[in-house]
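The sequence and its predicted three-dimensional model are supplied below.
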Amino acid sequence: MDTQSVHIVWLKRDLRLSDHLPIKRASELGRVLLVYILEPSMMDDEHYSGRHWRFVIQSLDDMRNRLKDVNTEVLFIQDEVEVALENIMTRFRIGSMHSHEETGLAKTYARDKGVREWCSSAGIRWYEYQNGGVRRGLKNRRTWRKDWYSYMTAPIHDLDIATIAWVSRAAIQTSDLMDDYPSLGPGHHFQMGGETEGRGLLDSFLKDRVGQYITSISSPSASREGCSRLSPYLAWGCLSIREVYQRQKSSRDTSPSIRGLQGFASRLRWQAHFIQKFEMEDRMEMENVNRGFDRLDKPIRTEWIRAWEEGKTGYPLVDACMRCLCTTGYVNFRMRAMLVSFLTHHLWQPWQVGSAHLARQFLDFEPGIHFPQFQMQAGMTGINTLRIYNPIKQAEDHDTDAVFIKEWVPELRGLPALYAREPWQMTEMEAMMYDFRIGHDYPPPIVDVKLSAKQARDAIWRVRKQDSTRKESQRILSRHTIPGRRNA
């Protein structure tokens, strides 16, 4: 056993070597051991898929490559956390453990409670640090905006990795603790993980692509280039949101678009705003945040859910977005909102039946954003504007030439733009001309969206107007909204 104390940094969603307070604090105490624990219980969780763990492993590889020059690496263990810590204790004397707070699933919250008890019984002090401007233990949002800006403008925790006393690579490798990475395949269609990749995207966005930001943000095609594409690097902590915020602020004098930067900066605050909501009321992972909507009757239609999941609803933009998302892990925000709206309003399905499916597809799945946003788009808050997206109008407005639709729904490539957006509009003669048959080459519309939108709107507003729902809305406003803004 290595008898000299080591101070563990338990890496979670903070896979970087910059602006990392747990590493900084551990390094002030002595030798530092970086540990990432890939838990079988999380790999099996319905919200995660191989694309997430591939991104994590790529991020760990990036860290390892940067740590070679300082003769250390990340200890990778595939086991449950308490078992992994028990095994580490047989090889190293643990002086303390450090990590960022995690606003995660109920499963990770329960795990952290167990780890806390384990540390207490083992006599190990576990230090947790605020993450990304999200504050634990808040009862309301009265000072949240001010506190968030204070966090974002505070000095970054600079780390000179060459001056840190790391546990050596030899000590790690001879400990027999290191596990091999699981085999997850190459993932050619997905963004690659790692701080290096994230910094490259941040640089290109601030120097050039931000000029396209405002005009491309709603387009399913243009957003792939014009948006920052930083969301998975923020979700998995390859970049700290504070560093991104300060970088965009310092780039304003030379920016090709001040308006674009302002829009981007506001969305950085929205990111923390929604995670803070979930931190304060994590039951929304499974329950309606506004209990008044519990009385809505939404019979489950498994065949409709399957059609939505597979991109076979008969609405080309909906299907193109789902197929693109399943293949690449990304669609822009407006299209995500449309997918949720289509499931919960037009198909009249409970939001819970689609939540895990989309979580598995989003490479940037962040529980603190996912569940509050899902409920907001499903109309379950009682305080936000009810938006029921019409997929026909969305296609007209944001994919007029059907470029995106034809890319992801190849069945429609031989049709002119109008019919690629609305293939059911073809006359029998036109269908013969294009050698295309609805119901054979592409499914007919699964529902009539004009009728389904009206039925959903009427049903939701009936419940929304009831006293119990209004009372819940006031509770939500009091707890979750920033003073001065009703729909924050």
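Yep, that arrived.

When you work out contacts or count neighbours from here on, use the C-alpha atoms and nothing else.
Fine.

Where does pLDDT dip in the protein?
Residues of the chain meeting the criterion pLDDT under 70: 1, 484-488.

Going by length in residues, pull out the top helix of the protein.
Across the chain, the helix with the greatest residue count (assigned by DSSP state H) is helix 258-280.

just how off-centre is whichever helix or strand comes after that helix within its chain?
Scanning forward in sequence from helix 258-280 by DSSP states H and E, the next helix or strand is helix 302-310. Relative to the centre of its chain, helix 302-310 is centred 23 Å away, using CA atoms, centre = their mean, to the nearest Å.

which helices and strands sit right next to helix 302-310?
On a contact count with 3 or more CA pairs under 8 Å, 6 or more residues apart in numbering; DSSP states H and E, helix 302-310 meets helix 316-328, helix 352-361.

tell me which residues in stretch 244-258 are buried?
Neighbour-count burial for stretch 244-258, counted by 16 or more other CA atoms under 10 Å, picks out 244-246, 248-249, 252, 255-258.

Format these as JSON lines; extra columns: distance to Arg136 and secondary structure.
Shown next, in JSON lines, are these (distance: CA to CA, whole Å; DSSP: H, G, I helix; E, B strand; the rest coil):
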{"residue": "Val244", "distance to Arg136": "22", "secondary structure": "helix"}
{"residue": "Tyr245", "distance to Arg136": "21", "secondary structure": "helix"}
{"residue": "Gln246", "distance to Arg136": "23", "secondary structure": "helix"}
{"residue": "Gln248", "distance to Arg136": "26", "secondary structure": "helix"}
{"residue": "Lys249", "distance to Arg136": "27", "secondary structure": "helix"}
{"residue": "Arg252", "distance to Arg136": "32", "secondary structure": "helix"}
{"residue": "Ser255", "distance to Arg136": "35", "secondary structure": "coil"}
{"residue": "Pro256", "distance to Arg136": "37", "secondary structure": "coil"}
{"residue": "Ser257", "distance to Arg136": "35", "secondary structure": "coil"}
{"residue": "Ile258", "distance to Arg136": "33", "secondary structure": "helix"}
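
out of those, which one sits closest to Ile482?
Nearest to Ile482 among the buried residues of stretch 244-258: Tyr245, at 20.2 Å, using CA to CA.

ok, back up a step: most tightly packed of the helices and strands packed on helix 302-310?
Comparing those by mean neighbour count (mean count of other CA atoms under 10 Å), helix 316-328 comes out on top with a mean of 23.

Check which helices and strands it sits against.
Judged by 3+ CA pairs under 8 Å, 6+ apart, the packing partners of helix 316-328 are helix 302-310, helix 333-341, helix 391-398, helix 403-408, helix 417-421.

Against Arg437, how distant is the residue located most distally from the centre of the chain?
For the chain, the residue at maximal distance from the C-alpha centroid (CA atoms, centre = their mean) is Met429, at 46.1 Å. Met429 sits 11 Å away from Arg437, going by CA to CA, to the nearest Å.

do the same with Leu105
Using CA to CA, Leu105 is found at 45 Å from Arg437.

Show me which of those two is the more surrounded one.
Using other CA atoms under 10 Å as the criterion, Leu105 and Arg437 rank with Leu105 on top: 21 against 17.

Identify the residues contacting the more buried one.
Contacts of Leu105 were listed using CA atoms under 8 Å, 6 or more residues apart in numbering, and they are 282, 285, 367.

Switch those residues over to a markdown table; also include distance to Ser121 and neighbour count.
Shown next, in a markdown table, are these (distance: CA to CA, whole Å; neighbours: other CA atoms under 10 Å):
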| residue | distance to Ser121 | neighbour count |
| --- | --- | --- |
| Asp282 | 27 | 22 |
| Glu285 | 30 | 21 |
| Pro367 | 30 | 23 |
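
of all the residues you listed, which comes closest to Val167?
Taking CA to CA as the measure, Val167 lies nearest Pro367 of the contacts of Leu105, at 32.6 Å.

Hmm, that closest one is touching Glu102, no?
No: when contacts are counted by CA atoms under 8 Å, Pro367 is not listed as touching Glu102 (9.8 Å).

the domain parsing of the protein - what is it?
2-136+166-173, 195-280, 284-480 (automatic domain parsing).

among the ones you listed, which is nearest Trp148?
From the domains of the chain, taking CA to CA, the stretch that ends up closest is domain 2-136+166-173, at 5.3 Å.

where exactly do the helices run in the stretch 101-250 of the chain?
Counting by DSSP state H, counting those that start in this stretch, the segments of the stretch 101-250 of the chain that form helices are 106-122, 144-153, 169-173, 195-207, 213-216, 223-226, 231-235, 241-250.

Counting by contacts, list what the fifth one packs against.
On a contact count with 3+ CA pairs under 8 Å, 6+ apart, helix 213-216 meets helix 223-226, helix 258-280.

then it to CSV, C-alphas only?
Coordinates of each C-alpha in helix 213-216 appear next as CSV, following Å, rounded to 0.1, in the frame of the first residue of the first chain:
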residue,chain,number,x,y,z
TYR,A,213,-25.9,33.0,-34.9
ILE,A,214,-29.1,35.1,-34.9
THR,A,215,-30.1,34.3,-38.4
SER,A,216,-29.4,30.5,-38.2
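
Could you tell me which residues within that helix count as buried?
213-214, 216.

Centre of the chain to that helix, how far?
Distance of helix 213-216 from its chain centroid, counting by CA atoms, centre = their mean, is 21 Å.

Next: the longest one.
Using CA atoms, centre = their mean, the mean C-alpha position of helix 106-122 is found 24 Å from that of the whole chain.

for the third one, same thing?
The offset between the C-alpha centroid of helix 169-173 and the centroid of the whole chain comes to 34 Å, using CA atoms, centre = their mean.

Tell me which residues of it come out buried.
Neighbour-count burial for helix 169-173 flags 169, 172 (criterion: 16+ other CA under 10 Å).

for the second one, same thing?
Of the residues in helix 144-153, those buried by neighbour count under the rule 16+ other CA under 10 Å are 144, 148, 151-152.
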